[in-house]
Structures are given as structure tokens and as C-alpha cells.
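Student: Got a predicted structure plus its sequence, pasted below:
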Amino acid sequence: MIKKTLWIFLMVATFGVAVIQTENSYGHGLGIDTIKSMTNGKQVTITTQITPSNFSDEEQRKIIISAADTLTNQSLANVIFHINLFHEGKKIIRDSFFADDGRLTIQVRPTTDNQIQISGERNTILGAWRETESMPVELAGPIFGTGGLYHFEIGLNQTDGAGVTGDFGLYTADVTVVTDHPYTQVDRNGNDVEFGVRSYYDKVSSFKYDSGTNTVNFEMPFDWDRQNISHVPVVHMEVHFPKDFGDFFVPSYVGKANGIELFKSSVTVDDYSGTNERIVHFVLSQDNLGFLKQAQKASGNENPQNIQFTLEASNKTVFPMIALTKNEQIQVDLSWDPVTIEPDKNTRFIFTFRNPDTGETLRNTNYDFIIIQNGDELYRKSANAQIGGDFADYTFPEDKTGYTTIRFENLRGTDASTEFGITVVPEFGSLVFVIFCIAISICLVASRRVSI
């Protein structure tokens, strides 16, 4: 994965097509949005996609829009897409495009020119651009230079080549492209600290790290209209900062959105994806957004235009810690006793293997439990968790303090694995955090729980 204000209102047809009400919205997310609705007695599915979903990639940038009959899954033939495209509140293009097979591909070439130029074959009868074998449709100019939310208003007609024969109304689609925002902040000693925010929604502004309260704040535009929320499965943001920034490298965090404290599951820590940086994820599901809307209304804030994110450092350790394998087939819950891990004192690590979709324990799970420090394996236990859970005891030697990895490998006889991390520091206690195999798994798991 989308960072933006989504405008999902009933629209007056810009191109003379009828207004429709979207019945269901599916798949809005990183780089793609799919809308299904009924118009003139026909169920139509419109899919709008931008590739790649991260403009830092070198892949050719494209807009791909397709139209299909929802019931038969067959493409609509000979369609005209009337497209209004907006970015950051500004109109990028307004034009019409023909696709004989119901699938429109527009090549995009960002340039430093002031105006956008469209090239391809122009059908003068239909007044629409069309792709041919020898000439693709291309947009060139100041477009797709940055990520964020791209808002499409798409009118859809069918044609017999001489005129319009079918009218399938107007659709709105919102497609997200990843944006990365670097920020240099100052710690309590006056030293520069490099933060970053990766947004899978809209662009971020007003980032600030407050060294006095040990808190990060930033905001992004968001439309809290119910129809818009029904169109958004998940809002995902990442806060990045160096692992050696000790003031903010703490066991856990409290997350807030517009001053309302978020559920613990909405704020997760990832030290696995980056070697030298910690990533803290904000993951707001559709249910979370609905709850936040009601909470804001109850507090008298009925029409906010953004989401103000707050991340507060906390020294509280919360059990169980949870991590997923890369394939997301196995969830591992981990806790230990005592909470403060110190050398020369036995620590019992307690773990449970679960189905991440149902939460049920996975009986007869083979596993390797490994403790690693500074690249060296300190301890390994290979066993079978017959009832889905087990434990391992280990006493750290006096000279084995600092950052430590708890790894689970060969789960259920496969190459599935995952990791957790702890820091054994006698004078300060134990700093604890979850390590996910891949950061994006968090977004996928959250998306699973959204009913669309």
C-alpha cells in the first residue's frame, strides 16, 4: 500500500452521463480501486489502477482502467471512458478514451513541461483517443511526479462506432501511490535525528517531534463522510526513525488519531524490515475509522478535514507480543516471565502458535526456538507443541546483554519463520518489541478484518 482526502460523493455527470449511486466499493488500496454498481439494469465493475504503486520504482508508469459485466465477468466491448483526473485538488486531465475490449491502458511519461500533452490516435467521430498496435495512448507532462491520492471521475458509454448506444453512468475512484516524507528533527540534546513517514494514503504535513513530551505528531487530509469511509478498507502509515535514537526506542507506543486513543492492534512495531531503523505502523481499519468518526462526533468535532496522528513513547510492556510468518499462515504469540530480563536470572519464554484468521491454536506444531545475539546463536530448542503452545527456559550469561533476537524457524515442518526482539539491559530492564517478517503483512492482516 494510499494517503489522501477521498471525495466519494454523488456526482453530477460532467460529460452528460447520468448520475449513479455506488452500491458497493471494493478493493480501494495501494494502486487500485474497484467499484461495482447497477446502472440501467446492468451490473458493471470498473477497476482503476496506477502502476507502479510506488513512484520510486523504475517501472513504466501507467493508468489502467477496465470495465466488465459483473455477473458474467466479461469485458464490455466498445466502451468510451470519459475521464476527469485530479491530484491534490487540481485537475490533471479531462478527456475521452476508447477501448474496443473494455480495457484502457494509458502510458504516462513525467516531464518538466508546463502542460500535459496526449498522444495516440484520435477518433474524430467519437471524440476519443484510442490505442493501436503501432501507437499507444500516452500522457506526457507534469503528471505522476509525486505520490498520494489520485481521484478519478469516470463516465462510461458504449458505442457502435457512430454514436453512443449505452450509458453506464459516472463512477468515482481513488487510487493511492506511496509517498515518502523525510524530516530532520532535533532531540533534547540538540542533535539532529532523521525521521520519515511512509504514507499509504495521502500526503503528510506538519510533522513534529517534541523532545519534551517524547511525542511525534503529523497530519494528512481525510474526508470523514460515511460514504467515503465505506470506500476505504484501511489507512496505513509508517513512522521511521533510527534504532540508535534511544529516547524514542521504547518498549511500546500509544497512538492517537485526532486526540482519540487508538486500539493497541492499530499501532504495531517493526524492527525486522530495516536493519538500522525502527518502523511503527498506524493501521486503521474501516471499523476503526467508523469508531473514530462516532467518537469525534460525540466530542463535538463533527466535520474534521484531516487525521492528526500522535505517537507517544511508552515504557509499558504488553503481552502477548504477536508476529506473523512471511506467508501469514502462522501467528506466534510470545510472552515471558519475569517481564524484566536480566543476566544470571532464569527467563521462561512462553509461546503459542495460532491460525491468524481464526485465532485457534495450531496443535502438533514442530518448531525451532532460537536465541541470537550479535549474530551468534546462544540457544536452540527443537520440539513439537502438541497442544499448540510450549515454553523454553534460558538464563543469559552476565556478559550477554543488549539487543537479542528470538527466532522461530521450521514451523510445522516448512521454511516458515518469524522473529521477535528484546534488549537485555540490567540497569534499565527489558526493552521489548515485535519484529514482523515483512511490514506489509500488517496491512494485509488488517485488511482481512475489513468487511467490504
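Tutor: Looks like it came in fine.

Student: Low-confidence stretches in the stretch 351-452 of the chain?
Tutor: 426-452 (pLDDT under 70).

Student: Strands along that one, start to end?
Tutor: 365-373, 376-385, 389-395, 402-409, 418-425, 429-435 (DSSP state E, counting those that start in this stretch).

Student: Find me the pLDDT at L6, would you?
Tutor: In this model, L6 is scored at 23, pLDDT.

Student: Next, give phi and psi for F55.
Tutor: Dihedral pair for F55: phi -70, psi 0, per degrees, to the nearest 10.

Student: quick one: contacts of the longest helix along the chain?
Tutor: As assigned by DSSP state H, the longest helix anywhere in the chain is helix 286-298. Residues from elsewhere that reach helix 286-298, judged by CB atoms under 8 Å, 6 or more residues apart in numbering: 224, 226, 229-230, 232-235, 257-258, 260, 262-263, 266, 284, 302, 304, 449-452. The C-beta positions use only the backbone N, C-alpha and C, and glycine is treated the same way.

Student: need the helices for this protein, in chain order.
Tutor: Using DSSP H, helices in the chain cover 226-229, 286-298, 440-448.

Student: correct me, but P182 touches V193?
Tutor: No: applying CB atoms under 8 Å, one finds P182 not in contact with V193, separated by 11.5 Å.

Student: where does stretch 350-370 sit relative to the chain's centre, distance-wise?
Tutor: 26 Å (CA atoms, centre = their mean, to the nearest Å).

Student: Then stretch 230-250?
Tutor: Distance, centroid of stretch 230-250 to centroid of chain: 11 Å (CA atoms, centre = their mean).

Student: per-domain residue ranges of this protein.
Tutor: Under the assignment automatic domain parsing, the domains of the chain span 24-176, 179-316, 321-435.

Student: Low-confidence ranges, the stretch 1-150 of the chain, go.
Tutor: Within the stretch 1-150 of the chain, the segments meeting pLDDT under 70 span 1-30, 39-41, 57.

Student: repeat that for 50
Tutor: 1-28 (pLDDT under 50).

Student: more crowded one of P182 and V193?
Tutor: V193 (17 against 10; other CB atoms under 10 Å).

Student: tell me the contacts of that one?
Tutor: Taking CB under 8 Å, 6+ apart, one finds 184-187, 209, 241-242, 245, 248 in contact with V193.

Student: Try it again at 10 Å.
Tutor: Neighbour list for V193: 183-187, 209, 211, 241-242, 244-245, 247-248 [criterion: CB atoms under 10 Å, 6 or more residues apart in numbering].

Student: I'd like the distance from it to D390, if you could.
Tutor: V193 sits 40 Å away from D390, going by CB to CB, to the nearest Å.

Student: First-to-last residue distance for stretch 116-124?
Tutor: Taking CA to CA, to the nearest Å, stretch 116-124 runs 20 Å from one end to the other.

Student: scratch that, stretch 344-358
Tutor: End-to-end for stretch 344-358, by CA to CA: 39 Å.

Student: who touches the nearest residue to T132 once chain neighbours are set aside in this structure?
Tutor: Excluding its sequence neighbours, the residue lying closest to T132 (CB to CB, 6 or more residues apart in numbering) is E121, at 5.3 Å. By CB under 10 Å, 6+ apart, E121 lies in contact with 98, 128-132, 134-137.

Student: what would the strands of the stretch 351-452 of the chain look like in TSV with mean neighbour count?
Tutor: What follows is these, written out as TSV (neighbours: other CB atoms under 10 Å):
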stretch	mean neighbour count
strand 365-373	19
strand 376-385	14
strand 389-395	16
strand 402-409	18
strand 418-425	21
strand 429-435	21
